[in-house]
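>>> predicted structure and sequence below. I'll ask about it afterward.
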Amino acid sequence: MKNLALTTALLLGLAGCATAPPPAASAHGPAQDALWLDRLTWGASSADLASLRSNGREAWLQAQLKPPGAAALPAAAQAQVQALAIVQQPLLPLVQQMEAQRKAADALTDDAAKAEAQKAYQQAMTRLAREASARQLLNALYSPNQLQEQMSWFWFNHFNVHQYKSNLRVMVGDYEQGLRERALGRFRDLLGYTAHHPAMLRYLDNEQNAANRINENYARELLELHTLGVGGGYSQKDVQELARVLTGLGVNLTDNRPRLKPAQEAQYRRVGLMEFNPARHDFGEKSLLGITVKGEGYAELEQVLDLLARHPSTARFVSRKLAQYFVADDPPPALVERMAERWQQSDGSIAEVLRAMVGSPEFEASLGRKFKDPTHYVVSAVRLAYADKVVLNTGPMIGWLYRLGQAPYNRQTPDGYPLDENAWAGPGQMTTRFEIARAIGSGSAGLFKVEGEAKDRPAFPQIAQPLYYDGIAPRLASATQQALGAATSPQEWNTYLLASPDFMHR
Amino acid sequence: MKRRHLLQLGLAGFGTAALPLRLWAAPGARADAPRLLVVFLRGAYDAANLLVPTSSSFYYEARPNIAIAKTAALPLDASWGLAPALADTIHPLWGKGQAAFVPFAGTNDVSRSHFETQDHIELGQPDEGSRDFRSGFMNRLAGVLGAGGVAGSRLEAMAFTDQVPLILRGDLAVANQALRDLGKPAISAAQAQVIAGMYAPTRLAGTVSGGFEVRDEVSREMAGEMEAASRGAIAAKGFALEARRVARLMRDRVTLGFIDVGGWDTHVGQGGATGQLATKLGELGKGLALFADEMGPQWNNTVVVVVSEFGRTFRENGNRGTDHGHGSAYWVLGGGVKGGRIAGEQVEVKAATLFQNRDYPVLNEYRALFGGLMRRMYGLNDAQLATVFPGASARDIGLV
């Protein structure tokens, strides 16, 4: 009985997509094309598959690498983004407003009232970070510029900051937006952007770094994690010298500027919340990676960032990490070498490096073999379940990402979340994923609950779409097909598909 | 069409192939294998109001509003008293010689940053040089004990937390599950079997079946809890509930455990003999006493170490609280612990002995301390200890 009802339901779903054979602009089969899309997007969609099938991969990739402009989200998603405080207000006034709230709370003398006010402040801060998460997820789900969105995530992770340090919760949204805008541009621009952003300067303590009171934290990570990489050919001495270059580069949350000697006035810089304070800078000569850096103040920074961005170790280190994210946990060295070459030829153009990667035989051969990290898992599941039906609440997704250990902006350490399977395929992780598969597969899962309304608006996963029939079903492993065959309800069928090893990979 | 056909296939002929790579060893590990539970108080608890330096007049000068009076503190020895919030829980263990405290304990890290120092402790790597954020010291310990085949210490490690914490990350796959809120598993047993079947031919076969196994084991253990509750046992709440659940698993299965407790960052209005910190300590003590009780005879093979990233400023601040400091005090509890004493290197508590004129100094470095303890507990040799704590030398202060 049950099976009969299910079969009927599925056939009805199928009726809408009984299409003519797809045009053959792509040289590959639709299942292979779907896998290719799975890699370059947050989960293939029917729309992308159709566009790729009719226009070919090259046209699709070109549009992704050089997006025509800011992404146009569907209206229902755009409206949610527009309503966010982090979108309505620029960073500086937002930070100052939160600072005022914090100080007012701290100034209270009654312990109970103070605790209450401090709690309210903390909640407001957390709300701002959640807004940023919501925007990130809405973009990942619905932006047509899917590759740019993946790269935004990649760069945030590469130049990682942790939301719970100091007041970073108010800054992470702004930090991420700047990375998004630069995600496919030149590495030098990304590096310069992060080196001037208050979130980074605060997270890695460079605001504490001053002449004769050196804090090496940012200098070390700049070399080890952001550019050359461990073993990239720098020494402890280079770290110390770089730290001296970075002295005086900090954060100023106020509208005031420090009192300076007249001779130093011209050296002072202020952009947004970033401040270069010459009174804190070490103006001595430095020697870094074999280059002499004259004590010139702010100009030293630009000189050194040029040096780091163009260093061959940086080309190799970051190319390898890109390949690790997009190709394999242990990417083929020959591929990394070709990407690094392209990097140097193009002066660190990320779009060019990605093009070299995507066009490689190694990339093609790796399709379907990369284990999804939690963000890929959750986002691709919701994209598959609801396609263009825009979710009204990203809260459940944020919750799932917390449970899976990859919540937005929540990696404490500067190395960012790991990109390899070992970090994510543990036993606890897998059972949690299955529970999430069930939650998504069984109904609206809170994704359609509008704040202030008592219940979810009605919604149910619609997996029976062209993507499934053309792109997924033909490549399912036989054990998965058997499990799907054993499903006793649409809910269970959805759960099994989302829990399958096939769906855990991209 | 194909789909319809598949739906009719059902589970017939579904392989129940042997699932290799078990996460947990089959029962049979020696029942009296040593158990170690590390409890991490995240946020840096105020050690000076746990272990009260009752003989120090400087303590009373430095903390006009938050000091614990000598008459209120529970007597430990001539120099120290215990927070009265622990009267019914930890103080009795002290009386039985099952609780020791190590004051002036901590790291050489002076960043006074919660994250920095927590990471530092959990990684257990040398103070200098770059760190490997994928290798925590408890994972290395599990590796050494498991791989080395040390008699009777076949380890089953588990983090009782939502994520596998840094301290347990590394080469060895470690189970994790927070025991705070245990709902009924959403995936039924039948569904679990179908899902495990999908993974049977894949390299994740053992991981998936092992994950379900851990889940079921936790469920079974907790069924006992429901039974006890139905017989009228007092229901535990909060940390006490968690601690009792941890005990059930450590009694029967897990030999290396980790749990963390947050909320110790008392910058404002922390209180003294009563108040915010006393309440937290009371909950913690209650949980640990319940843990000891629930372990039953296994308590004799168990050591609980309570640590925190650093201590707090010795002088109270302008908000009747304390700020980030340096030296802390670690707790060592267990049936076999040589307790009833204040252990390790000590110094008189006065202004002149403070570190940077503000904090307790660190005289008992945590890696040396844990190394010494592990040598005693597991009989680790120098090479094994060097794997767990590279570059550190163990210091045995006879804790067990």
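Arrived safely. In this text, all values refer to a predicted model and were calculated from it rather than measured experimentally.
>>> for B:Gln276, list the residues it contacts.
B:Gln276 makes contacts with B:266, B:269-270, as judged by Cβ atoms under 8 Å, 6 or more residues apart in numbering or on different chains. C-beta coordinates here come from the backbone N, C-alpha and C atoms, glycine included.
>>> what pLDDT does it get?
Residue-level confidence at B:Gln276 comes out at 92, pLDDT.
>>> what does A:Glu285 give?
Reading off the model, A:Glu285 has pLDDT 98.
>>> A:Pro23 too?
51.
>>> count of residues packed around B:Ala78?
Using other Cβ atoms under 10 Å in any protein chain shown, B:Ala78 has 8 neighbouring residues.
>>> can you classify it as helix, strand or coil?
coil (DSSP: H, G, I helix; E, B strand; the rest coil).
>>> which phi and psi values does A:Ala210 adopt?
Backbone torsions of A:Ala210, given as degrees, to the nearest 10, read phi -140, psi 160.
>>> once you drop chain neighbours, what's closest to it?
Nearest residue to A:Ala210, sequence neighbours excluded (Cβ to Cβ, 6 or more residues apart in numbering or on different chains): A:Arg280, at 3.9 Å.
>>> related to what we said a few turns ago, between the contacts of B:Gln276, which sits nearest chain A?
B:Gly269 (4.0 Å; Cβ to the nearest Cβ).
>>> who's in contact with the closest one?
A:111, A:114-115, B:275-276, B:319-321.
>>> ok, now A:His376?
A:42-43, A:506.
>>> what are the buried residues along the host helix or strand of it?
Assignment of secondary structure by DSSP states H and E places A:His376 within helix A:374-386. Of all the residues in helix A:374-386, those buried under the rule 16 or more other Cβ atoms under 10 Å in any protein chain shown are A:374-386.
>>> any idea which element residue 305 lies in?
Because you didn't say which chain, this covers chain A. helix A:298-310.
>>> nope, chain B please
strand B:302-308.
>>> what lines up beside the helix or strand just after that strand in the sheet?
Next helix or strand after strand B:302-308 toward the C-terminus (DSSP H and E): strand B:328-333. Strand B:328-333 has the following sheet partners, assigned by DSSP bridges: strand B:99-106 (antiparallel), strand B:302-308 (antiparallel).
>>> and those strands: which comes nearest B:Thr161?
Distance to B:Thr161, taken as Cβ to Cβ, is lowest for strand B:302-308 among the strands paired with strand B:328-333, at 14.8 Å.
>>> who's in contact with that closest one?
B:34-45, B:47, B:105, B:121, B:250, B:264, B:284, B:288, B:291-292, B:295, B:328, B:330-337, B:366, B:370, B:373, B:377, B:399-400.
>>> same thing with stretch A:185-193?
So stretch A:185-193 is in contact with A:155, A:159, A:178-179, A:182-183, A:226-227, A:302, A:305-306, A:308-310, A:314, A:318, A:343, A:347-351, going by Cβ under 8 Å, 6+ apart.
>>> again, only this time at 7 Å
A:155, A:178-179, A:182, A:226-227, A:305-306, A:308-309, A:318, A:347-350 (Cβ atoms under 7 Å, 6 or more residues apart in numbering or on different chains).
>>> gap between that stretch and the chain center?
16 Å (Cα atoms, centre = their mean, to the nearest Å).
>>> equivalent analysis for stretch A:453-467, please.
Distance, centroid of stretch A:453-467 to centroid of chain: 26 Å (Cα atoms, centre = their mean).
>>> is that stretch in proximity to chain B?
No: counting by Cβ under 7 Å from any Cβ of the partner chain, chain B is not contacted by stretch A:453-467; separation bottoms out at 8.7 Å.
>>> what about stretch A:225-238, how long is it end to end?
Counting by Cα to Cα, to the nearest Å, you get 14 Å between the two ends of stretch A:225-238.
>>> ok so, going back, of all the contacts of B:Gly269, which two lie farthest apart?
Most distant of those, by Cβ to Cβ, are A:Lys114 and B:Gly275, 14.2 Å apart.
>>> helix or strand: which one has B:Gln191?
Assigned by DSSP H and E, B:Gln191 falls in helix B:189-199.
>>> could you point out which element follows that helix?
According to DSSP H and E, the helix or strand after helix B:189-199 is helix B:205-230.
>>> how about the contacts made by residue 86?
Answering for chain A, as no chain was given. By Cβ under 7 Å, 6+ apart, the neighbours of A:Ile86 are A:94, A:128, A:131-132, A:173.
>>> if you could check chain B rather than the one you did, that'd help
Counting by Cβ under 7 Å, 6+ apart, B:Leu86 has contacts B:74, B:281, B:285.
>>> with respect to B:Pro84, which of these is nearest?
B:Leu74 (5.9 Å).
>>> can you get me a residue count around the closest one?
19.
>>> any idea how far B:Leu76 is from the residue nearest to B:Arg248 when sequence neighbours are not counted?
Counting by Cβ to Cβ, 6+ apart, the nearest residue to B:Arg248 once its immediate chain neighbours are dropped is B:Glu221, at 4.4 Å. The gap separating B:Glu221 from B:Leu76 is 35 Å, by Cβ to Cβ, to the nearest Å.
>>> for the stretch 51-200 of chain A, which residue gets nearest to chain B?
Residue nearest to chain B within the stretch 51-200 of chain A: A:Asp111 (4.0 Å; Cβ to the nearest Cβ).
>>> check what pLDDT that residue gets.
Looking at A:Asp111, the pLDDT reads 86.
>>> figure out how far the helix holding A:Leu305 is from the centre of its chain.
25 Å.
>>> list the buried residues of it.
A:300-301, A:304-305, A:307-310.
>>> could I get the average pLDDT for it?
Mean predicted lDDT for helix A:298-310 stands at 97.
>>> determine if any part of whichever helix or strand comes after that helix is in contact with chain B.
Remark: after helix A:298-310, the chain's next helix or strand is helix A:312-326, criterion DSSP H and E. No: in terms of Cβ under 7 Å from any Cβ, no part of helix A:312-326 sits within range of chain B; the closest distance is 14.0 Å.
>>> what sits against the residue in chain B positioned nearest to chain A?
Here chain B gets closest to chain A at one residue, B:Gly211, 3.3 Å apart by Cβ to the nearest Cβ. Taking Cβ under 7 Å, 6+ apart, we find B:Gly211 in contact with A:427-428, A:430-431.
>>> residue boundaries of the helices in chain B?
B:2-9, B:57-62, B:90-95, B:114-123, B:137-148, B:189-199, B:205-230, B:238-252, B:276-295, B:366-378, B:382-388 (DSSP state H).
>>> next, format the ones you listed as CSV and append distance to B:Ala343.
As requested, these are exported to CSV (distance: least, Cβ to Cβ, whole Å):
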stretch, distance to B:Ala343
helix B:2-9, 66
helix B:57-62, 20
helix B:90-95, 12
helix B:114-123, 19
helix B:137-148, 20
helix B:189-199, 47
helix B:205-230, 33
helix B:238-252, 23
helix B:276-295, 18
helix B:366-378, 9
helix B:382-388, 19
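>>> out of those, which comes closest to A:Gly446?
That would be helix B:189-199 among the helices of chain B, by Cβ to Cβ, at 21.0 Å.
>>> pull the residues that contact that closest one.
A:434, A:479-480, A:483, A:486, A:492, A:496, A:499-501, B:14-15, B:187, B:205, B:208-209, B:212.
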